[in-house]
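Visitor: coordinates only, sequence not included:
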């Protein structure tokens, strides 16, 4: 049964805040995510090493050391609870036995930390989407599909609280659109290919989760909008283009929730605020405390609506004080303490607005995450149930919002931004409202060697 | 009458349709095709490169310039032999085994080609033996490897070891790049160079080819 979102989950902007949402989710350990408290979400990865049958034992030891270290630090600093994200490395998904083994190590350590320290914790297991290992990608069957589902299923059976993924349907076309700053092709990739794949993929993942007492949490447009953000930060593409891609990725992400995801949305899904506005479900976010993983121009504003606050990822390397994941845990806990203290004092909206105001005027990518902008655009998106049309509308409305903001001087802009916004505006207007008609138009423009239409149910 | 400067400007502006007419005018006027390539098309790209480096041009604009150059080349190639086409050198590029990330690699390829290099794109998830086979087949000046993951970066090390074992290491320069890669790592595994992005990688190759 597909859920429909035809109205916003919020009617008052002041209710749209971090730490709480209309539809919180409770973990097996009793953490209520979105129930008033922001929880730290810690993620970590291996240092540079090969993964194979010879080295997996060493990898397991490293993961064991990491999880013991971060949970100990969480207990020392009285964290109200910790969400652990186990985002696998590709070898762990290609060889599910590796991923399953590490997931069990993490679960076991979490259980021990509960007994030893009384620490509440939950785990989000995030296998890789390896389907693009086949070129062009095979999306609906084959060994990569099989191993991915095997890992999801066993980890859910073993006790994972949440499953997530950064899925890649349509990325094979979107990558080219990004470097060309081609909004028509990007909208096709997100709104036709991405949406279609999300429907197919999440139908399966929700089924696995429900059969195994596990929550389907959500997806991320990481390979789409975060790639755009990184390219923009390097000066390769206009910031306004990355900002439009961010919002255009919302309908794709929403599909997971239509299929039954309950949150928390994935941390690197910066489109999360829109998902929260529309679904009323909790979201993970990451920003300034993910600086160990990547640069972003949205370090504070990303926290404004967060229900879990993440570090994205960090390698197990030694810093002056401690191993890096332990350091990340400490930083996240202090960030969350501050937000939660503001809530207790009734200053949640003020604190949210400080987080917003400290970033929103400095970069167009931050501007589109302003809660009022999120609410305005989301209110239009719920007026249709067609996710392709939503993608087109999201792009169009974002262009309009940014033009207005730049003209009014309320967001910093590059002298070339208006030219690019005009170019996008014109290109978006050339897109028909019907996905099938758009596909027919796009056939002559697409590199048909890069994707297989039938893998998306297209002819 | 079109001039070589007009062709250069056309490349800089990414005027895809206009370049064909201009190049054809120069051909009809009896200008040596190699001169049109060097002093018209490539001269235009030589203006593009520093503008991109200084942040005054975006990649899509550079790509339009590169496409414009290639459009002009299409008219000129039939008029010259393959050996006459100027090339600054040959490079083979691939993302290492187990890794799928290729946007950075693809940007580098575009920039290398537009700067006059001959590029062989091996693709993603390239095993050590495939790099070895490609070096034997294409005899490149430079081998470029890319990796975005901490768990695949060591494949660069094993690829270099394999190239060494096959007796090919001394015939090539090796450059590496990707998010987890550092200069120190490059030195540790015996690569000849590291670059943090596509733009500086082109300069690195230029230095290697003139050394």
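Guide: Sure, I can see it. Every value quoted in this text rests on a predicted model; they were computed, and no experiment measured them.

Visitor: which residues in the chain form strands?
Guide: Picked chain A for this. Chain-ordered strands for chain A, with DSSP state E as the definition, fall at A:20-26, A:32-35, A:39-43, A:82-87, A:121-126, A:162-165, A:215-219, A:284-286, A:308-310.

Visitor: actually it's chain B I care about, not the one you picked
Guide: With DSSP E applied, chain B shows strands at B:90-96, B:118-126, B:142-146, B:173-177, B:193-194, listed in chain order.

Visitor: out of those, which gets nearest to residue A:142?
Guide: The closest approach between residue A:142 and any of those, judged by Cβ to Cβ, belongs to strand B:118-126 at 14.7 Å. Every residue, glycine included, has its C-beta placed from N, CA and C.

Visitor: okay if I get the strands of chain A as TSV plus mean pLDDT, distance to residue A:61 and mean neighbour count?
Guide: TSV is the format used below for the strands of chain A (pLDDT from 0 to 100; distance: least, Cβ to Cβ, whole Å; neighbours: other Cβ atoms under 10 Å in any protein chain shown):
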stretch	mean pLDDT	distance to residue A:61	mean neighbour count
strand A:20-26	98	32	19
strand A:32-35	98	30	22
strand A:39-43	98	19	29
strand A:82-87	98	16	26
strand A:121-126	98	19	27
strand A:162-165	98	25	28
strand A:215-219	98	28	29
strand A:284-286	98	27	30
strand A:308-310	98	24	30
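
Visitor: make a markdown table out of those strands and add distance to chain B.
Guide: As requested, the strands of chain A are exported to a markdown table (distance: least, Cβ to the nearest Cβ, whole Å):
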| stretch | distance to chain B |
| --- | --- |
| strand A:20-26 | 30 |
| strand A:32-35 | 29 |
| strand A:39-43 | 13 |
| strand A:82-87 | 11 |
| strand A:121-126 | 15 |
| strand A:162-165 | 15 |
| strand A:215-219 | 18 |
| strand A:284-286 | 16 |
| strand A:308-310 | 18 |
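
Visitor: ok, the residue of the stretch 301-450 of chain A found nearest chain B - contacts?
Guide: Among the residues of the stretch 301-450 of chain A, residue A:315 lies closest to chain B, at 5.8 Å counting by Cβ to the nearest Cβ. With contacts taken as Cβ atoms under 8 Å, 6 or more residues apart in numbering or on different chains, residue A:315 has the following neighbours: A:44, A:45, A:46, A:47, A:48, A:324, B:150, B:180.

Visitor: tally of neighbours for residue 17?
Guide: Going with chain A. When neighbours are defined as other Cβ atoms under 10 Å in any protein chain shown, residue A:17 has 24 of them.

Visitor: wait, I meant chain B there
Guide: The burial metric for residue B:17, expressed as a neighbour count using other Cβ under 10 Å, is 9.

Visitor: can you pull up the most central residue in the chain?
Guide: Unless you meant another one, I'm taking chain A. Most central in chain A under Cα atoms, centre = their mean is residue A:269, positioned 2.2 Å from the mean C-alpha point.

Visitor: need the pLDDT of the residue lying closest to it once chain neighbours are set aside.
Guide: Nearest-residue entry for residue A:269: residue A:220, 3.8 Å, with adjacent residues in sequence omitted and distances by Cβ to Cβ, 6 or more residues apart in numbering or on different chains. Model confidence at residue A:220, expressed as pLDDT, equals 98.

Visitor: count the neighbours of residue B:173 for me.
Guide: Burial of residue B:173 is recorded as 21 neighbouring residues (other Cβ under 10 Å).

Visitor: isn't it up against residue B:208?
Guide: Yes. Assessed by Cβ atoms under 8 Å, residue B:173 is found in contact with residue B:208 at 4.8 Å.

Visitor: quickly list what's touching both of the two.
Guide: The overlap between the contact sets of residue B:173 and residue B:208 (Cβ under 8 Å, 6+ apart) consists of B:141, B:142, B:192, B:193.

Visitor: chain A next: which of those are close?
Guide: Filtering these for neighbours of chain A using Cβ under 8 Å from any Cβ of the partner chain leaves an empty set.

Visitor: so which of these wins on neighbours?
Guide: If you count neighbours using other Cβ under 10 Å, the busiest of the shared contacts of residue B:173 and residue B:208 is residue B:142, which has 23 neighbours.

Visitor: apart from its neighbours in sequence, what residue is nearest it?
Guide: The shortest distance from residue B:142 to any non-neighbouring residue, by Cβ to Cβ, 6+ apart, is to residue B:91 (4.2 Å).

Visitor: for residue A:56, same thing?
Guide: By the measure of Cβ to Cβ, 6+ apart, the closest residue to residue A:56 outside its immediate chain neighbours is residue A:98, 5.5 Å from it.

Visitor: which residues touch the one you found?
Guide: With contact taken as Cβ under 8 Å, 6+ apart, residue A:98 is in contact with A:51, A:56, A:59, A:91, A:92.

Visitor: contacts only, for the residue nearest to residue B:178 when sequence neighbours are not counted.
Guide: Counting by Cβ to Cβ, 6+ apart, residue B:147 is the residue found nearest to residue B:178 once chain neighbours are left out, at 4.2 Å. By Cβ under 8 Å, 6+ apart, the contact list for residue B:147 reads B:95, B:96, B:99, B:101, B:153, B:155, B:156, B:176, B:178, B:180, B:181.

Visitor: about what we covered before: can you tell me how far the residue nearest to residue A:56 is from residue A:136?
Guide: Taking Cβ to Cβ, to the nearest Å as the measure, residue A:98 falls 27 Å from residue A:136.

Visitor: got it, and residue B:27?
Guide: Note on residue B:27: its distance to residue A:136, by Cβ to Cβ, is 39 Å.

Visitor: picking up where we left off before, any chance of TSV for the contacts of residue A:98, columns neighbour count?
Guide: Supplementary listing: these in TSV, determined by neighbours: other Cβ atoms under 10 Å in any protein chain shown:
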residue	neighbour count
A:51	21
A:56	18
A:59	23
A:91	22
A:92	26
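
Visitor: for those, which one is nearest residue A:18?
Guide: Each of those was scored against residue A:18 by Cβ to Cβ, and residue A:92 proved nearest at 31.5 Å.

Visitor: and the helices in chain B, which stretches?
Guide: B:4-13, B:16-28, B:33-36, B:42-53, B:59-76, B:103-114, B:128-138, B:154-165, B:183-189, B:198-210 (DSSP state H).

Visitor: touching the shortest one from outside, list them.
Guide: Counting by Cβ under 8 Å, 6+ apart, the neighbours of helix B:33-36 from elsewhere in the structure are B:4, B:7, B:23, B:26, B:27, B:72, B:76, B:79, B:80, B:84, B:86.

Visitor: count of residues packed around the second one?
Guide: Neighbours of residue B:7 under the rule other Cβ under 10 Å: 28.

Visitor: burial count for the closest residue to it other than its chain neighbours?
Guide: In this structure, residue B:7 finds its nearest non-sequential neighbour in residue B:40, 3.3 Å apart by Cβ to Cβ, 6+ apart. One way to gauge burial is a neighbour count; for residue B:40, by other Cβ under 10 Å, it gives 28.

Visitor: now residue B:26
Guide: Using other Cβ under 10 Å, residue B:26 is surrounded by 23 other residues.

Visitor: surely it meets residue B:5?
Guide: No. Taking Cβ under 8 Å as the definition, residue B:26 is not a contact partner of residue B:5, at 11.1 Å.

Visitor: show me what contacts residue B:100?
Guide: Applying Cβ under 8 Å, 6+ apart, one finds that residue B:100 lies in contact with A:90, A:130, A:132, A:133, B:124, B:125.
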